[in-house]
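> Here is my input, please return the structure:
(2 chains)
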Protein chains: 2
Amino acid sequence: MSRPVVDFFFELASTYSYPAAMRIGALADAAGVGVRWRPFLLGPVLKAQGWDDSPFNLQPAKGRYMWRDLERLCARLDLPFRRPDPFPQPSLMAARLAHLGLAEGWGERFCRAVYAAQFGDGRQIGDERVLGDLLQGLGVAPAPALARARTDDIKARLRAETEEAQSAGVFGAPSFVCADGELFWGHDRMAEALAWAVRPRP
Amino acid sequence: MSRPVVDFFFELASTYSYPAAMRIGALADAAGVGVRWRPFLLGPVLKAQGWDDSPFNLQPAKGRYMWRDLERLCARLDLPFRRPDPFPQPSLMAARLAHLGLAEGWGERFCRAVYAAQFGDGRQIGDERVLGDLLQGLGVAPAPALARARTDDIKARLRAETEEAQSAGVFGAPSFVCADGELFWGHDRMAEALAWAVRPRP
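As a prediction, the model looks like this:
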């Protein structure tokens, strides 16, 4: 019998998607769950809710808290942390490359490299030279990959992923959707989503 | 040496304040932490952030998710759950009574009774007859208590509590503030707040 699968919807500039992306592989393996990595763009999803910037910028008290909470969380999880400046980072090209990489077999490693560069090292993930460095580190030739990431096919995939996230009820990142449609939001619910995916059915 | 104390800021109509209020006593005792119960009004705090209704009403996708998440959470914690209608319930008089009760020694029991009535039994906590029933159940004579809750002193205490919550950085409920000012938001961070309060200092 094949393992149950959880859809992992994430945004490459999202703060709590960082610890989720760094940890989900090991946790899902331990739980006996497969993970479908589904990078989408949070911007259009927030815009549909009436917001034209991150809620963490629009609500300063919540934003201040989030940075402190993320710092504490990363310390607890032993993940390096630097606050990216500016926030959120432009993530469009990184998201296109992620879709290309997922089709070509290097997508998950690329996503983790983007998060580590952004939230561990404070690098600019909107800068194609930075993305090129990351690709190089994975053994992927940068210029041709960047060109392939600009094709209509990849653009359409990213748009479709964002629409599918919304159809599944996703309103923030990271989110986890089980095969039965059950939705879990936030790094705080990752373990619960994996447990849900393998729970005994009546 | 006296136990460390955590300030527990909560709103009587707030969804995730319900499991927090029902559980914090036992968890804090086990952790060796004292709890200062601080009921405040979330409405003015949300208004200061530009919102004139609960974000769970203003953002329908988030609201739908919250109700499902709360239902799952209550099932996990073995707490009864019924969705209050309307939401949020008018909580002004309940909050005034809570302050009166905290001064008179029956406040914590009253708050738990309000949550159980609202989220367990689906009762209307804005209705003074319902509040009277709850007072009666605690052995407090309803009419005089309601009269004492309407004094300027109690009104001023509730206003001050709401202002102090904001000064401490609170933007949502429940929130937990340790003696060193460290802020934790949400039922999900309650255990972490209690652990922070007793952690070894350098």
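> can you give me the strands in chain A?
According to DSSP state E, chain A carries its strands in the segments A:5-10, A:34-39, A:175-177, A:183-185.
> Show me what counts as buried in the second one.
For strand A:34-39, the buried set under the neighbour-count rule, 16 or more other CB atoms under 10 Å in any protein chain shown, comprises A:Val35, A:Trp37, A:Arg38, A:Pro39. The way it works is simple: take the backbone N, C-alpha and C, and place the C-beta from them, glycine included.
> Could you check the angle that strand makes with strand A:5-10?
Put simply, strand A:34-39 runs at 20 degrees to strand A:5-10, going by axes from the mean of the first three to the mean of the last three CA atoms, to 10 degrees.
> And the contacts of strand A:34-39?
A:2-12, A:24-25, A:28, A:95, A:98-99, A:102, A:107-108, A:111, A:158, A:161, A:164-165 (CB atoms under 8 Å, 6 or more residues apart in numbering or on different chains).
> Quick one: residues contacting A:Phe9.
A:Phe9 neighbours (CB under 8 Å, 6+ apart): A:Arg38, A:Phe40, A:Glu161, A:Ala165, A:Ala168, A:Val170, A:Ala173, A:Pro174, A:Ser175, A:Phe176, A:Val177.
> Mind giving me the packing neighbours of the helix of greatest length in chain A?
Of all segments of type helix in chain A, defined using DSSP state H, the longest is helix A:60-77. Using 3 or more CB pairs under 8 Å, 6 or more residues apart in numbering or on different chains; DSSP states H and E, the elements in contact with helix A:60-77 are helix A:17-31, helix A:55-58, strand B:183-185.
> ok, which pair from the contacts of A:Phe9 is furthest apart?
The most widely separated members of the contacts of A:Phe9, counting by CB to CB, are A:Glu161 and A:Phe176 (14.8 Å).
> Of these two, give the one with the bigger neighbour count.
Neighbour tally, A:Glu161 and A:Phe176, criterion other CB atoms under 10 Å in any protein chain shown: the higher count belongs to A:Phe176, 29 against 19.
> From B:Gly50, how far off is that one?
Distance of A:Phe176 to B:Gly50, computed by CB to CB, to the nearest Å: 30 Å.
> Go ahead and name everything in contact with the helix or strand of chain A with the lowest mean pLDDT.
In chain A, no helix or strand scores lower on mean pLDDT, DSSP states H and E than helix A:55-58, which sits at a mean of 90. With CB under 8 Å, 6+ apart as the test, helix A:55-58 has contacts from A:Thr15, A:Leu46, A:Trp51, A:Lys62, A:Gly63, A:Met66, A:Trp67, A:Phe87.
> run the last query once more with 7 Å
A:Trp51, A:Lys62, A:Gly63, A:Met66 (CB atoms under 7 Å, 6 or more residues apart in numbering or on different chains).
> Buried residues of it, list them for me.
A:Pro55, A:Phe56.
> Those residues of chain A touching chain B, which are they?
Within reach of chain B by CB under 7 Å from any CB of the partner chain, chain A has these residues: A:Gln49, A:Gln59, A:Ala61, A:Lys62, A:Arg64, A:Tyr65, A:Gly169, A:Phe171, A:Leu183, A:Trp185, A:Asp188.
> ok, now which ones touch A:Ala28?
Taking CB under 7 Å, 6+ apart, one finds A:Val6, A:Gly34, A:Val35, A:Leu194 in contact with A:Ala28.
> still on that earlier bit, among the contacts of A:Phe9, name the buried ones.
For the contacts of A:Phe9, buried by 16+ other CB under 10 Å: A:Arg38, A:Phe40, A:Glu161, A:Ala165, A:Val170, A:Ala173, A:Pro174, A:Ser175, A:Phe176, A:Val177.
> Distance of the residue nearest to A:Arg150 when sequence neighbours are not counted relative to B:Ala28?
In space, and not counting its chain neighbours, A:Arg150 is closest to A:Arg96: 7.1 Å by CB to CB, 6 or more residues apart in numbering or on different chains. Counting by CB to CB, the gap between A:Arg96 and B:Ala28 amounts to 49 Å.
> Quick check: the farthest pair among the contacts of A:Ala28?
A:Gly34 and A:Leu194 (10.4 Å).
> okay, and for chain A, where does confidence drop off?
For chain A, residues meeting the criterion pLDDT under 70 lie at A:1, A:202.
> repeat that with 90
A:1-2, A:48-52, A:55, A:58, A:200-202 (pLDDT under 90).
> Same list (the strands of chain A) but as TSV, adding distance to B:Leu77.
Shown next, in TSV, are these (distance: least, CB to CB, whole Å):
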stretch	distance to B:Leu77
strand A:5-10	23
strand A:34-39	27
strand A:175-177	20
strand A:183-185	17
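> quick one: contacts for the nearest residue to A:Gln166 once chain neighbours are set aside?
Counting by CB to CB, 6+ apart, A:Gln166 lies nearest to A:Val45, which is 5.9 Å off, once chain neighbours are set aside. Counting by CB under 7 Å, 6+ apart, A:Val45 touches A:Thr162, A:Ala165, A:Gln166, A:Val170, A:Phe171.
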